[in-house]
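Q: How does the following fold in three dimensions:
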Amino acid sequence: MSIAQAQMAMATAAVNSTQWANDLSGLSKSFQATFDGSNAIIEALTQVFGANHPVPSNLPGGGWNSVQNSVFGPSSAAEADANTLVKYCNEFNTLIAEMLAYHRSGPEDGSTGVFCAELMNNFTNTLNNTALTSITSPTAFSDFLSTLNSVAGAYQTALIQIESSEDANIQSVNNSIQTEQTNLNNANGELAGVSVAIGLIALADIGAMVAFPEAIPELLHAGADIIASEVDDLADAISQRSTAQTQLQNYQASKQTYLTQVDDVTQLKEMIKDYVTTVQQCQTAVGVFNGILAGLKQDVANALTWAQAGALTDPNVTSQYPPIAGYAATQSNLYSSLAQTLTTWGKGFVNPSE
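A: Take a look at the predicted model:
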């Protein structure tokens, strides 16, 4: 490796450190969205599925409860991954410190390079053999997403059926509204005809009769001269109008109820769709842990190359690399900062109030 290559490798690692911190911050927000979103969906499900729409009996895994009960699993796996990487970062820092110490005070017979190469080689084997299997959050999110897709799909199917049912109800009630509007118009015509026939010509009087049927005798111009049958006709016309008006109001209220239910269903469908998208984003975001591990493995490989090439003891080789002290300081700062970021992230995520 040339000086330029070595310096570029260190610069790339530093850039990744900033990116990793940003990725972790975004991951926390995505995790929080999965908790908040699941709670909101439970409330919305309670509104939609009730007496009018029983909860479907064929929901997989007990319905949304299986999602709610599983939502913390992937985040716990991510916390464990963060702690694993903290351990590896600290181990690498310790090895870098030992390399620097041996470089400064170790024997000059070449054994220093051999010893440091052995340290880094052992650590490389650890990372290759165990680290990949210890990063579990991607798999945890994949499993969670599988459960979620199954449950969400079943709910979406049920909600589409409810939408279809409510659309049919709205169409039916629209027809009823048209019928009652016609009945009301006919009743108004009948009331007007009877009123004219018995001498009631004031529009205000008709309104008063509708509101106060018991006042009919007082509103009649002819009073006692009006025969009982005419009064009965007037009372029937008022009753028919009142019935038609009440029915119309009831149908209009039913229509509003159906429209509200359709809105609730539409919103719930969007909430579930958005929730699935959020979890998919989390599944992608936890890839940061594999990214950190890959960066660490590359830096360990670089350090192993230094040691194996004799950069720690052979002046002819050392001149091809940046000074070991500067390299050690850079790596130490990088991984100490990264370890702290991971530690803070894990604690802050699990205990947001801290």
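Q: what ranges of the chain fall below the confidence cut-off?
A: Applying pLDDT under 70 to the chain flags residues 1-21, 51, 103-113, 131-132, 190-235, 237, 309-327, 347-354.
Q: Helices of that one, residue ranges please.
A: Counting by DSSP state H, the chain has helices at residues 3-48, 64-70, 72-105, 111-126, 132-134, 137-197, 203-211, 216-219, 228-285, 287-309, 315-318, 324-350.
Q: Switch these over to a markdown table; also include distance to S57.
A: Where C-beta positions appear, they are placed from N, C-alpha and C, glycine not excepted. Below are those laid out as a markdown table (distance: least, CB to CB, whole Å):
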| stretch | distance to S57 |
| --- | --- |
| helix 3-48 | 15 |
| helix 64-70 | 14 |
| helix 72-105 | 26 |
| helix 111-126 | 51 |
| helix 132-134 | 40 |
| helix 137-197 | 10 |
| helix 203-211 | 49 |
| helix 216-219 | 57 |
| helix 228-285 | 19 |
| helix 287-309 | 38 |
| helix 315-318 | 73 |
| helix 324-350 | 37 |
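Q: Take those helices and lay them out in CSV including mean neighbour count and distance to N58.
A: Shown next, in CSV, are the helices of the chain (neighbours: other CB atoms under 10 Å; distance: least, CB to CB, whole Å):
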stretch, mean neighbour count, distance to N58
helix 3-48, 16, 15
helix 64-70, 17, 14
helix 72-105, 19, 24
helix 111-126, 17, 48
helix 132-134, 12, 37
helix 137-197, 16, 7
helix 203-211, 15, 52
helix 216-219, 14, 60
helix 228-285, 16, 17
helix 287-309, 20, 35
helix 315-318, 12, 70
helix 324-350, 18, 36
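Q: among these, which is nearest P54?
A: P54 lies closest, by CB to CB, to one member of the helices of the chain: helix 137-197, at 9.9 Å.
Q: Y275 against N39, yeah?
A: No. Applying CB atoms under 8 Å, one finds Y275 not in contact with N39, separated by 10.7 Å.
Q: how near is N333 to S70?
A: 39 Å (CB to CB, to the nearest Å).
Q: before we move on, the earlier item: can you say which of the helices of the chain is nearest to P56?
A: Closest to P56 of the helices of the chain, according to CB to CB: helix 137-197, at 4.6 Å.
Q: and the closest residue to Q280 other than its chain neighbours, how far is that from A152?
A: Nearest residue to Q280 in three dimensions, chain neighbours excluded: L145, at 6.6 Å (CB to CB, 6 or more residues apart in numbering). As judged by CB to CB, L145 and A152 stand 10 Å apart.
Q: Mind listing the shared neighbours of the two?
A: Common neighbours of L145 and A152 (criterion: CB atoms under 8 Å, 6 or more residues apart in numbering): V276.
Q: Which residues are in contact with N183?
A: N183 is in contact with 240, 244, 247-248, counting by CB under 8 Å, 6+ apart.
Q: in terms of contact, does P74 touch T139 like I think?
A: No. P74 sits out of contact with T139 when judged by CB under 8 Å, with a separation of 9.1 Å.
Q: F289 versus the nearest residue to Q252 once chain neighbours are set aside, what's the distance?
A: Using CB to CB, 6+ apart and skipping the chain neighbours, the partner closest in space to Q252 is I177 (6.3 Å). Computed as CB to CB, the I177 to F289 distance reads 59 Å.
Q: likewise Q331?
A: Distance, Q331 to F289, using CB to CB: 20 Å.
Q: what do you get for P56?
A: 37 Å.
Q: which ones are touching L248?
A: L248 sits next to 177, 180-181, 183-184 when contact means CB under 8 Å, 6+ apart.
Q: so what's S254 up against?
A: The contact partners of S254, by CB under 8 Å, 6+ apart, come to 169, 173.
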